[in-house]
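1. Got a predicted structure plus its sequence, pasted below:
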Protein chains: 2
Amino acid sequence: MVLIPGSKNEYFEERDKLIGMDRALRRDISYIQSRSVLEKEGDEILRRIRAEEAESIWKEDHLDVPHPFPGMEFLTGKKVIEKTRIFKIISQMPKGALLHVHMPAVVEPRTLLGLALKERSMYVCVPTRLTPTNLSSTLPIFLPLPVDSRPSIGTSISSSDYISNTWVHIAKARETFDRALGGPKGFDDWVVGALTINAREAYKTHNTVTKIWKKFKSTFSVAVGLSSASSVLHEYFRAFFVASINDGISYVELRIDPVFAKGILGEDGKRYLTQREVVFMFGESIREVKQELKKEGCEDKFLGARLIYCSVKKVAPKDLYVAVEDSILTWPIPGYDLVGQEDALRPIIDYLEPLLYFRKRQAEEQVEIPFLFHAGETLGDGTAVEDNIYDAILLGTKRIGHGFSLVKHPKLLQICRERKILLEVCPISNEVLRLTSSMPMHPLPCILNNGVPVALSCDDPSVFGNFGVTYDFYQVLVASEINGLTTLGTLARDSIEFSMMPLEEKTEALRIWEVKWNVFLQQIVNLYGLLATKH
Amino acid sequence: MVLIPGSKNEYFEERDKLIGMDRALRRDISYIQSRSVLEKEGDEILRRIRAEEAESIWKEDHLDVPHPFPGMEFLTGKKVIEKTRIFKIISQMPKGALLHVHMPAVVEPRTLLGLALKERSMYVCVPTRLTPTNLSSTLPIFLPLPVDSRPSIGTSISSSDYISNTWVHIAKARETFDRALGGPKGFDDWVVGALTINAREAYKTHNTVTKIWKKFKSTFSVAVGLSSASSVLHEYFRAFFVASINDGISYVELRIDPVFAKGILGEDGKRYLTQREVVFMFGESIREVKQELKKEGCEDKFLGARLIYCSVKKVAPKDLYVAVEDSILTWPIPGYDLVGQEDALRPIIDYLEPLLYFRKRQAEEQVEIPFLFHAGETLGDGTAVEDNIYDAILLGTKRIGHGFSLVKHPKLLQICRERKILLEVCPISNEVLRLTSSMPMHPLPCILNNGVPVALSCDDPSVFGNFGVTYDFYQVLVASEINGLTTLGTLARDSIEFSMMPLEEKTEALRIWEVKWNVFLQQIVNLYGLLATKH
């Protein structure tokens, strides 16, 4: 029989000890123990407001939100989230680095559409002419056409004389979009609908992992077409950086498939860019944004960005050797990943030979391209693809993309904690893609309590609508009473710490972040502190 | 940098080692290592059929089942589950003990209604006369009335001259139920609807923990009334035992609130039973069922049942002293529990003083009444009620009811494993009550991989429709490819091992179970083995 403490005092002592032991592995504990008075005060304020809003805003009735609660389905609750003071506070927070986002799913759909509409080479076609009945089920096919492939004339894609699969310039297609379909505004809505997942799709018509991934993949086919023109892409990168900076993100690592990079039509409308040219353009965009910030005297808002190469796990294992050589050729790149819908594609183990060869080639060429593998983005238990999480670790991955299923694996949790393998956790992505139904069901608390390093990210914000990382931080904060301001700070700090920046750059990034963090804490206290609310 | 094995062979060796370490804590591992050839064959058969049905039945279209998948929402998928061979196989399995079920939510609603209809004392009233518009939102209020309170006349509860809140005999209310409401059949459906949660409620109108608990609690108010007559209750116990036995369950521990036990009207229609009389009646029902089985020569199908006392966590802490003394007076009872909706009621810590006093009194009286606390049946993280899981363990609980949130707590997982605190896991209950959206999202794999002992149970089958424990075993088996036949066997064995049977009885129960298990294995091989399918 277990001895139980006899007196209340003893009991509470034992209780505090047990809770302490249970949380001892958490990465925010050391910060909590050493935090400033200012941070402690900020934390108390945040907790107080969270508790108030849980009782007020999250229990009120809201139009079209049948079951509001903190951490609820994002696509339904987004507008409620935006009303909260907690959201306003977090949006001001310095977030550190954004480590897990995919091309081309990072810019507001209407911004992308706006850029594409101005692009001479951008054309659209549909498999059959659009009508009110087939509109919502028909995807636009966008493509920048080389000069000599562009049709001279073209009718409306919604007119009765439209010939299936013929190209029409995007601007013309928009202007001539049938009134019965909403005219030009209808065109925009149709394209935006094809680029995003809405609440009805996520929570009703496509409410399983398998079904929602069908819709998810279709958004990529549309976005790839729209962004595959050189000048669109250049502006796209810039728009992404600017939006990230405005959200308090100071550094970005963006996953890109070299296959995408090889399909960008140049400005002359004749030649496709080389991979090197795309990388150069990416660098140009960074320099431009930095210059603009410098002019405004706030250059420390943005420290840069890097491209992580990745292959989709549908390629045949023998074809991965091309990606391997490509990656080595374009080195320095900060990492390599294998991506795509885990449940439907090949497991990592299928690529064992080319990946071991990759390691060998890196050693020969004396370059280091760390693996940053997606793994465990599945509800499967013990399936071939769920075993990706073993292989990612065995192959020495430095970080794990998602790692949603990691919590099932006691040994792997220990390894990730001890070897400091960071999890790039994308809460809203996981929820919209139906791995979890809401944040309170998400396994993040388990990951945090096991002391595995975590950085939050938004994965594919143009599809989910969670631009920046404020929304994801929000969902994490409100779904747990253990998480507080210091937890958010720890997540931000770790996103820098575990980025692929070189050491010197990283040290500088951390220094700048600390300064911004203290300004942020002071703002919270000034705006929401007890004295402040008395006025 | 982590060393990665160079050759494929080395790699696969390392891989097997890692997977082995990751699963080393599982309680089925030792059984897998030592299992018979027969069990191995049975396991392979089960895995083969599961894989086949995942591709066939779970990918077919079924009427009113928009998104079929293995482990899907139970109330939607139940009919599909029942079509499978896996279900047929599991229904034949010897399940061991049923450790987590609540009075009065364990008998088919139509059976209970049938018993109540024959009961002279059973009356019904409604707050306003029933009409087609208020029918679905009006709950019947049932109560056995003492002889001198029974009205001599009575109209229909659906007629225009019905006076609000006046009692009508249940059989008369049924006979005179308005045709517009479906007549007598409509009455039955109305009562059954009030006793159960349906798919629409769980997954649409009440799709949050808070909302579905409202419906859940209302089913209890109806069931309590219907079962509070002595002769109904006697038959109720018997019906429960018989249904359990038919499902392969050989022993039961049934949670009962002494407050319920004190409200049972005796057969004379004058006196209410004492708690001791209810306990005696429970014993009578056991003896009767055992006698019947003995006549049929299969007495080893049922080894008995026990009542676990429990108080609802809405009682004032000072009133818990009554329950404490009650429990000591009616000893031997196998355990004591605190129950109810954790998110809405008091945390265990509020009852610290009476519970410490309970311990003291047990020592004084030299009786042992182990705590078998509900804890962690919540999505909260670090909330006052989520801390119940700390207090349950600190107070020396022998088992934990649900323990859904345990996976978040690395230290508590270790304690439960080392001290052998069993989790009474109720997968379907958790899903219908919206702690999880489906079995693939349920934290059970994490619990199993951490080596915490688990027994499966059905919690409140009359509300969820998961009678016996076949459905719950089914959901667990199909949602994980790690779980196999030996896992199911381990769960069944542990349900006996961690029951509150005295040692001698337990040893006998395990012996009988082993015999039945081998018969079961032989049946699988005979019916579904390779040779069998050739015919």
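-> That came in fine, so what should we check first? Residues are numbered from 1 along each chain as shown, chains lettered A, B, ... in the order given.

2. Where do the helices of the stretch 1-150 of chain A begin and end?
-> With helices called from DSSP state H, counting those that start in this stretch, the stretch 1-150 of chain A shows them at A:8-23, A:29-34, A:37-55, A:74-83, A:85-91, A:109-117.

3. Using TSV, lay out these together with mean neighbour count, distance to A:T487 and mean pLDDT.
-> For the C-beta atoms, the positions are set from N, CA and C on the backbone; glycine is no exception. Shown next, in TSV, are these (neighbours: other C-beta atoms under 10 Å in any protein chain shown; distance: least, C-beta to C-beta, whole Å; pLDDT from 0 to 100):
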stretch	mean neighbour count	distance to A:T487	mean pLDDT
helix A:8-23	15	11	96
helix A:29-34	13	9	96
helix A:37-55	17	9	97
helix A:74-83	19	18	97
helix A:85-91	20	12	98
helix A:109-117	20	32	98
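
4. A:E424 is nearest to which of the ones you listed?
-> For those, the distance to A:E424 is smallest for helix A:74-83, at 17.9 Å, taking C-beta to C-beta.

5. A:R26 contacts A:P445, correct?
-> No. Taking contacts as C-beta atoms under 8 Å, A:R26 lies outside contact range of A:P445: 9.9 Å.

6. More neighbours: the two, which one.
-> Taking neighbours as other C-beta atoms under 10 Å in any protein chain shown, A:R26 and A:P445 compare with A:P445 leading, 24 against 21.

7. name the element the more buried one belongs to?
-> Assessed by DSSP states H and E, A:P445 sits inside helix A:444-449.

8. can you pull the contacts of the spatially closest residue to A:T208 that is not a sequence neighbour?
-> Nearest residue to A:T208, sequence neighbours excluded (C-beta to C-beta, 6 or more residues apart in numbering or on different chains): B:H67, at 4.6 Å. B:H67 is in contact with A:N207, A:T208, A:K211, counting by C-beta atoms under 8 Å, 6 or more residues apart in numbering or on different chains.

9. do the same with A:I86
-> Applying C-beta under 8 Å, 6+ apart, the residues contacting A:I86 are A:L46, A:I49, A:R50, A:E53, A:Y474, A:L477, A:V478.

10. Okay, buried residues for the lengthiest helix in chain A please.
-> Scanning chain A for the helix with the most residues, using DSSP state H, yields helix A:503-528. Neighbour counts over helix A:503-528 (16 or more other C-beta atoms under 10 Å in any protein chain shown) mark A:K506, A:A509, A:I512, A:W513, A:K516, A:W517, A:F520, A:L521, A:I524, A:V525, A:Y528 as buried.

11. quick one: least confident of these?
-> On pLDDT alone, A:Y528 ranks lowest of the buried residues of helix A:503-528, at 94.

12. My read is that A:Y336 contacts A:F371, right?
-> Yes. The pair A:Y336 / A:F371 is scored as a contact, 5.9 Å apart, by C-beta under 8 Å.

13. And A:A316, how far from A:E353?
-> 12 Å (C-beta to C-beta, to the nearest Å).

14. ok, how many other residues are close to A:V469?
-> 34.

15. how near is it to A:N246?
-> Remark: distance between A:V469 and A:N246 (C-beta to C-beta) = 12 Å.

16. what's near enough to touch the residue nearest to the spatial centre of chain A?
-> Nearest to the mean C-alpha position of chain A, counting by C-alpha atoms, centre = their mean, stands A:D459 at 2.0 Å. If a contact means C-beta under 8 Å, 6+ apart, then A:D459 has A:H100, A:V101, A:H102, A:A105, A:C426, A:I428, A:S429 as its contacts.

17. my read: the first one touches A:L422, true?
-> Going back to what we said before, that points to A:H100. No. Using C-beta under 8 Å, A:H100 makes no contact with A:L422, being 10.1 Å away.

18. thinking again about what came up before, report whether the helix holding A:P445 contacts chain B.
-> Yes. Helix A:444-449 is in contact with chain B by C-beta under 8 Å from any C-beta of the partner chain, via A:P445, A:C446, A:N449.

19. Quick one, grab the pLDDT at the last one.
-> The score at A:N449 is 98. That number is its pLDDT.

20. can I assume it is in contact with B:L412?
-> No. Using C-beta under 8 Å, A:N449 makes no contact with B:L412, being 9.9 Å away.

21. Between the two, tell me which one has more neighbours.
-> Neighbour count, other C-beta under 10 Å: between A:N449 and B:L412, B:L412 has more, with 28 against 25.

22. can I get the CA coordinates of the helix or strand that contains that one in PDB?
-> For B:L412, the element it lies in under DSSP H and E is helix B:410-419. This file holds the C-alpha atoms of helix B:410-419, laid out as PDB (Å, rounded to 0.1, in the frame of the first residue of the first chain):
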ATOM      1  CA  PRO B 410       5.700  12.000 -17.800                       C
ATOM      2  CA  LYS B 411       6.200  11.500 -14.100                       C
ATOM      3  CA  LEU B 412       2.700  10.200 -13.500                       C
ATOM      4  CA  LEU B 413       3.000   7.700 -16.300                       C
ATOM      5  CA  GLN B 414       6.100   6.400 -14.600                       C
ATOM      6  CA  ILE B 415       4.400   6.200 -11.300                       C
ATOM      7  CA  CYS B 416       1.400   4.300 -12.700                       C
ATOM      8  CA  ARG B 417       3.700   1.900 -14.400                       C
ATOM      9  CA  GLU B 418       5.900   1.300 -11.400                       C
ATOM     10  CA  ARG B 419       3.200   1.200  -8.800                       C
END
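
23. Is any residue of it near chain A?
-> Yes. Under the criterion of C-beta under 8 Å from any C-beta, chain A is reached by helix B:410-419 at B:P410, B:K411, B:L412, B:L413, B:R419.

24. measure the first one to A:P410 for me?
-> So that's B:P410. Remark: distance between B:P410 and A:P410 (C-beta to C-beta) = 9 Å.

25. Could you do A:E504 as well?
-> With distances taken as C-beta to C-beta, A:E504 is found 37 Å from A:P410.

26. Could you find the residue in the stretch 101-250 of chain A that comes nearest to chain B?
-> For the stretch 101-250 of chain A, the residue closest to chain B is A:T208, as judged by C-beta to the nearest C-beta, at 4.6 Å.

27. How about the secondary structure of A:T383?
-> coil (DSSP: H, G, I helix; E, B strand; the rest coil).

28. my bad, A:S158
-> For A:S158, the assignment made with three-state DSSP gives coil.

29. That one contacts A:L130, doesn't it?
-> Yes. Here A:S158 lies in contact with A:L130, judged by C-beta under 8 Å, at a distance of 4.3 Å.

30. Find the residues that touch each one of these two.
-> With C-beta under 8 Å, 6+ apart, A:S158 and A:L130 have common neighbours A:D178, A:L181.

31. related to what we said a few turns ago, which ones among the contacts of A:D459 also lie next to chain B?
-> Answer for those near chain B: none qualify (C-beta under 8 Å from any C-beta).

32. Looking at those residues, which two lie furthest apart in space?
-> Going by C-beta to C-beta, the pair spanning the contacts of A:D459 furthest: A:H102 and A:I428, at 13.9 Å.

33. Pop out the phi and psi values for the residue nearest to A:T208.
-> Here is the backbone geometry of B:H67 (degrees, to the nearest 10): phi -130, psi 70.

34. Repeat that for the one 3 residues further on.
-> Backbone geometry at B:P70, expressed as degrees, to the nearest 10, gives phi -60, psi 130.

35. Please tell me how far it sits from chain A.
-> Taking C-beta to the nearest C-beta, to the nearest Å as the measure, B:P70 falls 10 Å from chain A.

36. how about the nearest residue to that residue, chain neighbours excluded?
-> B:V478 (3.8 Å).

37. tell me, how many neighbours does that neighbour end up with?
-> Residues near B:V478, counting by other C-beta under 10 Å, number 24.

38. what pLDDT does it get?
-> The model reports B:V478 with a pLDDT of 98.

39. Next, the contact list for it, please.
-> Contacts for B:V478 (C-beta under 8 Å, 6+ apart) come out as B:R50, B:E53, B:A54, B:W58, B:P70, B:G71, B:I86, B:M439.

40. Identify the farthest-apart pair in these.
-> Using C-beta to C-beta, these span at most 14.8 Å, a distance reached by B:E53 and B:M439.
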